[in-house]
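K.L.:
Fold the following for me, if possible:
(2 chains)
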Amino acid sequence: MLDRQLLRTDPDLVRSGASRKGIEVDVESYLRLDEEYRALLTDLQAKQAQSNQDSKAIGQLMAAGNAVAAEAAKASMKDLKAAIATGEERQRELEAKLQAMELQFPNLPHESVPDGFSEEKNQIIRDWGDIPQFDFEPKPHWDLAENLGLVDFPRASKISGSGFAVYTGWGARLQRALITFMIDHQTMQNGYAEVYPPYLVNAASLVGTGQLPKFEEDLYKADEDLYLIPTAEVPVTNLHRDEILEVYQLPMRFAAYSGCFRKEAGAAGKDTRGLLRMHQFDKVELVKYTLPENSYDELETLLSDAESILRLLGLHYRVTLLCAGEMSFSNAKCYDLEVWSPGVGRYLEISSCSNFEAFQARRANIRFRRAQGEKPEFVHILNGSGLATPRLFAAVLETYQQPDGTVVVPEPLRPLIGSDLFER
RNA sequence: GGAGAGAUGGCUGAGUGGUCGAAAGCGCCCGCCUGCUAAGUGGGUAAGGGGGAAACCCCUUCUCGGGUUCGAAUCCCGAUCUCUCCGCCA
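P.N.:
Numbers count the residues shown, from 1 in each chain, chains lettered A, B, ... in the order given. A predicted model of the protein is given here:
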């Protein structure tokens, strides 16, 4: 959600920011409604003030025992009451409309974000390590996993359908080791507070982070007003919804492991092989609440915290800065982390680290106060994956595969797995 | 799932349908006082919104949504959440 004041004072900025994302917004209709709303409110409030005064006067007449005069005063309030009732109804209507429109305006791209509407316009910021070279043809992870008995895709389709995986034996153990490794590293080395959230959340939480009302079709709905989380970002960002924090509490940094559930509607056919795009997957998510003036510095450390996992595991990757048109609805600035997948022969998006500025905080009503007596301000909220397991699982298998089809376990995972080699 | 109790400001906790945005206490802030600290003492301490250059004025909010009434924290209906007991259960 954008600042109402900004919409009023600088609609051009909103229009041009949205158009950089390739979104047309109708600020004029919004402002027209807003104007009507404020005029109505001023008028309505004057009537309410009058009504409050009259009611008090009646109370005084009653107290003085002047019942006749009180009855007369009651009768003369009829018209005023009726006018207030219709005014209030109109107010509710306008409020609902304005709010619905506000939720449709996308966040504006930060000035450091490049223009563009396609992948080619993303900027490659840096890469780490070298593309691993093989003196044999590297296999894709689905072959490796199947040959080594780490993942059972056919049975996953049998029991759940496409887009699911059953991790078996050492595969299950690798999966669990990756999660433990990531959550331990982020909490114990990088200073995040661990959170283990619910997997089902109500609609208000999804509005807070921006999945609703626009993206309902991407979500699994479990019940009336209960949805499966598409990411731990949703419950964790909403932890302090409708709260006013003390300035000394900031920044808050959370790391949460959770399962994630996405319909991935419309994604059929693309990147669906193996573990690349799942309806259910696991992820360690990093979320920060920061002071507005620090959020861009915090974005850089968030990014390097996510990167640290890939470095420790020795996986080649690169960092890209998304162009405006490639960014999501809620983003002000977003880096993607892409890990190299030798078997697929491509970089795979494995993390997005984003600054939402006050966009989510405004929706979720998360504020802080700089000092006693001052007006509360919205915090800035950032998040990033640190990281998602299926693609990490895939990159580990493909990067560490041997000519004989075995896979060497990366050093940091060996104590957790209790083995240094996956073999048949 | 069944039965009952409850939800008030940062916290605890009063509140008879009328001057209650709400007693009192705690906490916090600003003074005063006191070698220091503690204690004492005076005052101030919710959020959102509208108007205004400002001082300030006004509106809304006592979980939420409806209703009764000239007037609701208070009465009625519904929802949500919490607690207690029973049942079921990893």
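K.L.:
going forward, measure contacts and count neighbours with C-alpha atoms only.
P.N.:
Noted.
K.L.:
can you give me the strands for the stretch 301-424 of chain A?
P.N.:
Counting by DSSP state E, counting those that start in this stretch, the segments of the stretch 301-424 of chain A that form strands are A:317-321, A:333-341, A:346-355, A:366-369, A:377-378, A:380-388, A:407-408, A:421-422.
K.L.:
got the ones you listed as CSV, with mean neighbour count and distance to RNA strand B columns?
P.N.:
Listed next are the strands of the stretch 301-424 of chain A as CSV, based on neighbours: other CA atoms under 10 Å; distance: least, CA to the nearest atom of the strand, whole Å:
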stretch, mean neighbour count, distance to RNA strand B
strand A:317-321, 22, 33
strand A:333-341, 26, 25
strand A:346-355, 22, 22
strand A:366-369, 22, 8
strand A:377-378, 22, 7
strand A:380-388, 28, 15
strand A:407-408, 20, 35
strand A:421-422, 18, 31
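K.L.:
Can you lay out those as TSV showing mean pLDDT?
P.N.:
Listed next are those as TSV, based on pLDDT from 0 to 100:
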stretch	mean pLDDT
strand A:317-321	97
strand A:333-341	97
strand A:346-355	96
strand A:366-369	89
strand A:377-378	90
strand A:380-388	94
strand A:407-408	97
strand A:421-422	96
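K.L.:
ok, residue A:219 - contacts?
P.N.:
Residue A:219 sits next to A:227-230, A:261-263 when contact means CA atoms under 8 Å, 6 or more residues apart in numbering.
K.L.:
Domain parsing of chain A, as residue ranges.
P.N.:
Domains of chain A are assigned by automatic domain parsing as A:4-102, A:119-422.
K.L.:
Quick check: which of the ones you listed is buried the most?
P.N.:
Mean neighbour count (mean count of other CA atoms under 10 Å) peaks for domain A:119-422 among these, with a mean of 19.
K.L.:
gap between the two ends of that domain?
P.N.:
This stretch, domain A:119-422, spans 36 Å end to end (CA to CA, to the nearest Å).
K.L.:
cool, and stretch A:161-178?
P.N.:
25 Å.
K.L.:
Give me the contacts around that stretch.
P.N.:
By CA under 8 Å, 6+ apart, the surrounding residues in contact with stretch A:161-178 are A:145, A:149-153, A:155-157, A:272, A:275, A:277-280, A:389, A:393, A:413, A:416-417, A:422.
K.L.:
same check, this time on stretch A:232-242
P.N.:
A:195, A:197-199, A:201, A:205-206, A:208-209, A:229, A:254, A:256-260, A:283-287, A:364-367, A:381, A:383.
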